[in-house]
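A.B. asks: The following comprises the amino acid sequence and a computationally predicted model.
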Amino acid sequence: MARKDQTIVGLDLGSSKTCVLVCLPGEEGKLEVAGFGVADSKGWRKSVIVNLDQAVLALKKAVEAAETAAGVSITSAYVGVAGTHIKGVNSRGAVALGKTPGRPGTVTQDEIVKVLQAARGVTLPPDCEIVYLEPQDYVLDSQTGIRNPVGMSGARLEANVHLITGSTTALRNVVTAANLAGIKVLDTVYEPFAAAAACLTADERELGVALVDIGGGSTDMIVYAQGSVRHTASIPVGGDHFTNDIAVGLRTSIPDAERVKRAWAVNELEKTPGGVLEVPGVGERPARMVSFDVLDDIIQPRTLDLVELIHAELERSGPLRQIGTGLILVGGGTMRGSFVPLAEHTLGLPVRLGRSQALENMDENLAGPEYAALVGLAVYGNRRRLLHDAKEIGLMAKLWRAVRGKGSAA
């Protein structure tokens with residue numbers, strides 16, 4: 001039986017599926033997969049909860065499956081959040097150094113905490129809160145681009161940061177759903193940020209990379225350059241929109257349209273020419289045979305629309321040349337076979353599917369792009385555990401609270 005106080009649990013509540021991953025610390029701090037559970041999501045629309053009871057029921061099913069596999073009760077988890085209510089904004093904070101105005105002082109961790117707190121002081125729209133703060137770089141007097149100013153001297157310290165914000169109502173409903181399922185939320189984590197923890201290397205973050213998470217209700221992205229987050233955004237198009245197009249175009253139900261979409265994706269990956277599949281009708285209408293070419297005519301225009309929206313959002317993030325290592329695709333929507341070559345052609349960037357090797361005992365399916373955010377939530381939680389176990393509770397704890405915005409740094 002696994003020890004409950006050792007478990008790290010990631011919880012991904014999505015528009016299409018609800019997933020739970022239970023991990024245990026292994027050798028050298030690397031996590032091992034202990035259990036996994038998944039259930040079809042209910043009560044979601046466009047990446048927000050619209051029926052709390054249905055969302056909780058799906059969560060309980062996924063939790064029960066994960067608990068059975070891991071042999072441990074789940075009481076707490078790190079929970080992923082995404083959707084069009086998530087916004088990203090760059091901000092800057094500044095503090096004076098030294099006891100005498102205009103006189104040089106030495107940068108300490110306390111000054112870092114203060115300047116990050118100052119950078120949090122932006123005016124947010126109503127029903128909006130900061131989900132995460134990522135330091136980008138620091139400015140000390142006239143010297144820019146400093147990664148770590150601790151120990152350096154100057155009169156004024158500034159911090160450039162990226163703030164990820166979200167709807168207070170949408171975030172609170174996710175936490176409420178978890179609580180009603182008997183789970184304490186240890187932290188809410190932006191899902192592309194979590195997926196990046198599982199899939200990206202330090203070199204990719206440094207040279208520039210965009211990670212795009214194609215979910216059911218939305219497509220969310222995060223852009224790294226020079227080692228830190230430079231841009232986050234959400235596009236209101238996801239895999240559910242492809243399913244709806246098929247349902248309307250073929251006059252079939254949403255569940256049957258989802259099965260047809262997956263069959264089409266397999267056919268695309270296998271590069272099988274021609275071929276037909278049976279599509280059930282709605283109500284008393286009989287089933288009929290539809291060729292994959294007809295499906296191409298329905299799916300390809302929506303695919304091109306999504307790629308063009310991604311292109312436009314990347315251009316808003318800054319020059320495309322800053323994305324030196326290209327685009328990493330994760331999420332269930334990435335399984336469409338033609339998406340990668342179409343994205344490469346349209347964007348003029350290298351594009352690949354994201355895969356994770358961050359956990360021990362991962363099967364091929366769990367390591368794939370569909371579960372990148374889920375694996376990343378466990379990786380993120382493990383980093384938090386390692387910080388706590390190392391008892392870095394002094395200045396590091398102050399810095400963490402300032403970055404996360406959890407209470408006072410005093």
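C.D. replies: Right, received. Where do you want to start? Here the structure is a predicted model, which means the values were calculated and not measured.
A.B. asks: Spatially, what comes nearest to Asn267 if we skip its sequence neighbours?
C.D. replies: If the residues on either side of it in the chain are set aside, Asn267 comes closest to Phe292, at 5.2 Å by Cβ to Cβ, 6 or more residues apart in numbering. Just so you know, the C-beta spots here come from the backbone N, C-alpha and C atoms, and that holds for glycine as well.
A.B. asks: ok, now which ones touch the residue found closest to Ser356 once you drop the neighbours it is linked to in the chain?
C.D. replies: Closest residue in space to Ser356, ignoring its immediate chain neighbours: Ala198 at 4.0 Å, by Cβ to Cβ, 6+ apart. Contact analysis of Ala198 by Cβ atoms under 8 Å, 6 or more residues apart in numbering lists 354, 356, 358, 372-373, 375-376, 379.
A.B. asks: at 7 Å what do you get?
C.D. replies: 356, 358, 372, 375-376, 379 (Cβ atoms under 7 Å, 6 or more residues apart in numbering).
A.B. asks: Check which helix or strand it maps to.
C.D. replies: helix 191-199 (DSSP states H and E).
A.B. asks: Mind checking what helix or strand follows that helix in sequence?
C.D. replies: The first helix or strand that comes after helix 191-199 along the chain, using DSSP H and E, is helix 202-207.
A.B. asks: rewinding a little: so which one among the contacts of Ala198 has the lowest pLDDT?
C.D. replies: Taking the contacts of Ala198 together, the minimum pLDDT is found at Ala358 (84).
A.B. asks: State the number of residues packed around the nearest residue to Ala69 once chain neighbours are set aside.
C.D. replies: Leaving aside its sequence neighbours, Ala69 sits nearest to Gly35 (Cβ to Cβ, 6+ apart; 3.4 Å). Using other Cβ atoms under 10 Å, Gly35 has 22 other residues around it.
A.B. asks: Alpha carbons only: can I get the helix or strand harbouring Gly35 in CSV?
C.D. replies: Assigned by DSSP H and E, Gly35 belongs to strand 31-40. What follows is strand 31-40, C-alpha atoms only, in CSV (Å, rounded to 0.1, in the frame of the first residue of the first chain):
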residue,chain,number,x,y,z
LEU,A,31,8.5,10.4,-10.0
GLU,A,32,7.0,6.9,-10.7
VAL,A,33,3.5,6.4,-12.0
ALA,A,34,1.4,4.7,-9.4
GLY,A,35,-2.1,5.0,-10.8
PHE,A,36,-4.1,6.6,-13.6
GLY,A,37,-7.8,7.2,-14.1
VAL,A,38,-9.9,8.8,-16.8
ALA,A,39,-13.6,9.5,-17.4
ASP,A,40,-15.6,11.3,-20.1
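A.B. asks: What helices and strands are in contact with the next helix or strand after that strand?
C.D. replies: Once strand 31-40 ends, the next helix or strand along the chain (criterion: DSSP H and E) is strand 44-45. Using 3 or more Cβ pairs under 7 Å, 6 or more residues apart in numbering; DSSP states H and E as the contact definition, strand 44-45 packs against no other helix or strand.
A.B. asks: Can you give the distance from stretch 277-295 to the centre of its chain?
C.D. replies: Its chain's average C-alpha position is 35 Å from that of stretch 277-295, according to Cα atoms, centre = their mean, to the nearest Å.
A.B. asks: do stretch 285-305 as well
C.D. replies: So, by Cα atoms, centre = their mean, the centroid of stretch 285-305 is 30 Å from its chain's centroid.
A.B. asks: Please apply the same query to stretch 68-79.
C.D. replies: For stretch 68-79, the distance to the chain centre is 20 Å (Cα atoms, centre = their mean).
A.B. asks: what's next to that stretch, contact-wise?
C.D. replies: 1-2, 4, 7, 9-11, 13, 20, 22, 34-37, 63, 66-67, 174, 178, 182-189, 377, 380-381.
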